[in-house]
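S.K.: Sequence below, structure please.
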Amino acid sequence: MPEETFRWVVAGGVTLAAVCFVGMVVVSILLYKIASRVQMRVESAVGGIQPILETTRELARENAPKVSVIATKAVEIVTNAKDISDVAKDQAHRFAEVGRDAADRAKAQIARVDAVVDETVIQVHNAGDNMKAAVLKPVREAGAVLAGVKAAVESFASGRRPTVDHIIQDEEMFI
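M.R.: Here you go, the predicted model:
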């Protein structure tokens, strides 16, 4: 590269740096103006907020004892609520135990009643069988006596035994 071209390139770079430097100065001045405007607005806002902060501090100082009492009572209320919850939980467990005990006792009584009913059904069935046997035995005996009397009457009424011509087939097979 020739020396003259090199000098033009260096001169262009220096010029570009100078332009950038001037641009930075302009931007810095604009930022300073913006910052000063923001500062004025913040100062005016702080002036407006200052009475609110003073009022808030005064209210906090005046109500600090009341807030302390309220906080103490809130702690007491929370403690009482926890105690009530513990008692309710304990009572619920007791009621559950009583319910389980009652259910177990009811099951035992139902089992006893079931056993007694089963035994009563068996006894009634046996009594029915015994009564049936007691009633039917004399009826059968009376029926047998009547059948014997009937056979005797028929035998005497006909006066003779049936001949071989009148013998039924079962009797033939027996002979």
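S.K.: packing partners for the helix ranked longest in the chain?
M.R.: Ranked by residue count and defined by DSSP state H, the top helix of the chain is helix 3-158. Using 3 or more CB pairs under 8 Å, 6 or more residues apart in numbering; DSSP states H and E, no helix or strand is in contact with helix 3-158. For glycine as for every other residue, the C-beta is placed from the backbone atoms N, C-alpha and C.
S.K.: ok now that helix, how far from the chain's centre?
M.R.: 9 Å (CA atoms, centre = their mean, to the nearest Å).
S.K.: shaky segments in the chain?
M.R.: 1, 158-175 (pLDDT under 70).
S.K.: now do 50
M.R.: Counting by pLDDT under 50, the chain contains no low-confidence segment.
S.K.: Neighbours of S85, how many?
M.R.: Neighbour count of S85, defined by other CB atoms under 10 Å: 10.
S.K.: how about it, what does it touch?
M.R.: Contacts for S85 (CB atoms under 8 Å, 6 or more residues apart in numbering) come out as none.
S.K.: Run through who's touching stretch 35-48.
M.R.: Stretch 35-48 is contacted by no other residue when judged by CB under 8 Å, 6+ apart.
S.K.: I meant to write stretch 125-142 there.
M.R.: Contacts for stretch 125-142 (CB under 8 Å, 6+ apart): none.
S.K.: can we see that at 10 Å?
M.R.: The contact list for stretch 125-142 (CB atoms under 10 Å, 6 or more residues apart in numbering) reads G143.
S.K.: Output it as CSV, nothing but the C-alphas.
M.R.: Presented in CSV, the C-alpha positions along stretch 125-142 are these (Å, rounded to 0.1, in the frame of the first residue of the first chain):
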residue,chain,number,x,y,z
HIS,A,125,-89.4,-78.9,62.4
ASN,A,126,-88.7,-81.8,64.8
ALA,A,127,-91.9,-81.1,66.7
GLY,A,128,-93.8,-81.2,63.4
ASP,A,129,-92.1,-84.5,62.4
ASN,A,130,-93.0,-85.9,65.8
MET,A,131,-96.5,-84.7,65.6
LYS,A,132,-96.9,-86.0,62.1
ALA,A,133,-95.5,-89.4,63.2
ALA,A,134,-97.8,-89.4,66.3
VAL,A,135,-100.9,-88.7,64.3
LEU,A,136,-100.1,-90.9,61.3
LYS,A,137,-99.1,-94.0,63.2
PRO,A,138,-102.5,-94.6,64.7
VAL,A,139,-104.1,-93.7,61.4
ARG,A,140,-101.9,-96.3,59.6
GLU,A,141,-102.7,-98.9,62.3
ALA,A,142,-106.4,-98.2,62.0
